[in-house]
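Participant: fold the following, please.
(4 chains)
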There are 2 protein chains.
Amino acid sequence: MLKKTRYVILGLLREEKMTGYEIKKCIDQRMRFFWQESFGQIYPELLTLMREELIREAFPKSKEGNKRESTRYEITESGLAVLKHWMETENEKDTVRSEALLKFFLATDENKEEMKQHLVEFHRQGKEKLLLFELFKEELNRDIDKHNNHKYILEVLALGIKEQELYCSWSKHFMEKLTLEGGEE
Amino acid sequence: MLKKTRYVILGLLREEKMTGYEIKKCIDQRMRFFWQESFGQIYPELLTLMREELIREAFPKSKEGNKRESTRYEITESGLAVLKHWMETENEKDTVRSEALLKFFLATDENKEEMKQHLVEFHRQGKEKLLLFELFKEELNRDIDKHNNHKYILEVLALGIKEQELYCSWSKHFMEKLTLEGGEE
DNA sequence: CTTATCATGTAATCGGTTACATGATTAC
DNA sequence: GTAATCATGTAACCGATTACATGATAAG
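Facilitator: Next up is the predicted model:
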């Protein structure tokens, strides 16, 4: 899969001026159930995008030469064009790697007790993500129509929430099944 | 994430003697909603595992020197130990990349028509995977208890099916919503 | 005063895909 | 006979993480 780092950055900057650090935080907190990027990808890509003039520095309107270090970026016209073009291209195949599901798939009764532990952790992580998503959803619902992409975000978020609910109920059910069979066989 | 290629191979070989090609096919057809590996990972790893004596060649019992080229592997005692140890270790964080969801998340009404196209494709892929999973499920149900890991596989498969059903119904609903709003705004 | 978070960037390394190369066997 | 699939392996390249390095600011 060709790297998509630039499009994530451009897509986020279309809605709001951000620093590299904020971009990373946003991806981690709000998009991690379908995407991730690391600092080692984001910062070099920001420099490349600057050179290609797809983004530019967003200087604060008033107090120009103040002490703040962080540089905030905004998207340019060419940046918007590149973003739009990508939006129209076909999608590459998803890449997924879940070590937990891999283990569940390959397990036998010999590994039953460990799988129960993994299920507990799997369930906990689902609950944790659900909490985070619900918070984000409330935040979005508070100022809906602020940006016209909020309804798209809300739809993806709704999917993420349903997905995590599925993971939680599945792991709970699986756990009960393994427990009812008896501790060791 | 450290590479897990060896554990997938060992896990599959615990249940059945397989060739590298068959391992790849199995991962592609049955595990692709939570895992993937390429030939470029599998074949070199098979050689490494041979050197480490975690797997060995499984020669056919009868007709020894026949013309077949493909080498079938089986797991050794040390291989089983390594597999068991991995089963007990903590899981690393999942890695996921879905270009479709990324686009939906970053879209605005400017991209509405393209998103509708992507939704059609998203839905089609969901249906396709569902079909594949249902086939596999029937196959497993036919000879349940052949291996004692079938019940674990069936549980993961049940999750995969529910997940794809969710993706299908979500994309259908989202599609209808975008269509009812009117073609262009 | 010290810990946590904000903030940026580079380099080494590892993980993973893709292309290349080759050839056998099976199905039509 | 020829196309598809089976089958194996290597090498080049790209993608991505991690560690390293540095320093500012905010909170307790």
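Participant: going by C-alpha atoms from here, please, whenever you check contacts or count neighbours.
Facilitator: Noted.
Participant: what about residue A:120, how many residues nearby?
Facilitator: 15 (other C-alpha atoms under 10 Å in any protein chain shown).
Participant: okay, it and chain B: tell me how far apart.
Facilitator: Noted for residue A:120: a distance of 12 Å to chain B, by C-alpha to the nearest C-alpha, to the nearest Å.
Participant: repeat for residue A:8
Facilitator: Here the criterion is C-alpha to the nearest C-alpha. By it, residue A:8 lies 8 Å from chain B.
Participant: who touches that residue in this structure?
Facilitator: Counting by C-alpha atoms under 8 Å, 6 or more residues apart in numbering or on different chains, residue A:8 touches B:102, B:106.
Participant: give me the three-state assignment for it.
Facilitator: Recorded secondary structure, residue A:8: helix (DSSP: H, G, I helix; E, B strand; the rest coil).
Participant: wait, does the helix or strand containing residue A:104 contact DNA strand D?
Facilitator: Assigned by DSSP states H and E, residue A:104 belongs to helix A:99-106. No. On the criterion C-alpha under 7 Å from any atom of the strand, helix A:99-106 is out of touch with DNA strand D, staying 13.4 Å away.
Participant: so residue A:75 touches residue A:56, yeah?
Facilitator: Yes. Judged on C-alpha atoms under 8 Å, residue A:75 makes contact with residue A:56 at a distance of 6.4 Å.
Participant: the two: which is more packed in?
Facilitator: Higher neighbour count among residue A:75 and residue A:56: residue A:75, with 26 against 19, using other C-alpha under 10 Å.
Participant: show the contacting residues for the nearest residue to the more buried one once chain neighbours are set aside.
Facilitator: Once flanking residues are discounted, residue A:75 sits nearest to residue A:55: 4.3 Å by C-alpha to C-alpha, 6 or more residues apart in numbering or on different chains. The contact partners of residue A:55, by C-alpha under 8 Å, 6+ apart, come to A:10, A:46, A:49, A:73-76, A:79.
Participant: quick check: buried residues in the lowest-mean-pLDDT helix or strand in chain A?
Facilitator: Within chain A, confidence by mean pLDDT, DSSP states H and E is lowest for helix A:112-142 among all helices and strands, at a mean of 93. Across helix A:112-142, burial judged by 16 or more other C-alpha atoms under 10 Å in any protein chain shown covers A:112, A:114-116, A:118-119, A:121-123, A:125-127, A:129-130, A:133, A:136-137, A:140.
Participant: could you do stretch A:165-182 as well?
Facilitator: Going by neighbour count (16+ other C-alpha under 10 Å), the buried part of stretch A:165-182 is A:165-168, A:170-171, A:174-175, A:178.
Participant: backbone dihedrals for the most centrally placed residue in chain A, please?
Facilitator: What sits nearest the mean C-alpha location of chain A, by C-alpha atoms, centre = their mean, is residue A:31, with 1.6 Å. Phi and psi for residue A:31, reported as degrees, to the nearest 10, are phi -120, psi 10.
Participant: how near is it to residue A:158?
Facilitator: Using C-alpha to C-alpha, to the nearest Å, one gets 12 Å for the distance from residue A:31 to residue A:158.
Participant: please apply the same query to residue A:140.
Facilitator: To residue A:158, residue A:140 is 12 Å away according to C-alpha to C-alpha.
Participant: list, one by one, the residues from chain A near DNA strand D.
Facilitator: Proximity of chain A to DNA strand D (C-alpha under 7 Å from any atom of the strand) is limited to residues A:1-5, A:36-41, A:67-69.
Participant: list only buried entries from those residues.
Facilitator: So, by 16+ other C-alpha under 10 Å, the buried ones in the residues of chain A next to DNA strand D are A:5, A:36-37.
Participant: quick one: which of those is nearest residue A:95?
Facilitator: The nearest member of those to residue A:95, counting by C-alpha to C-alpha, is residue A:36 at 11.5 Å.
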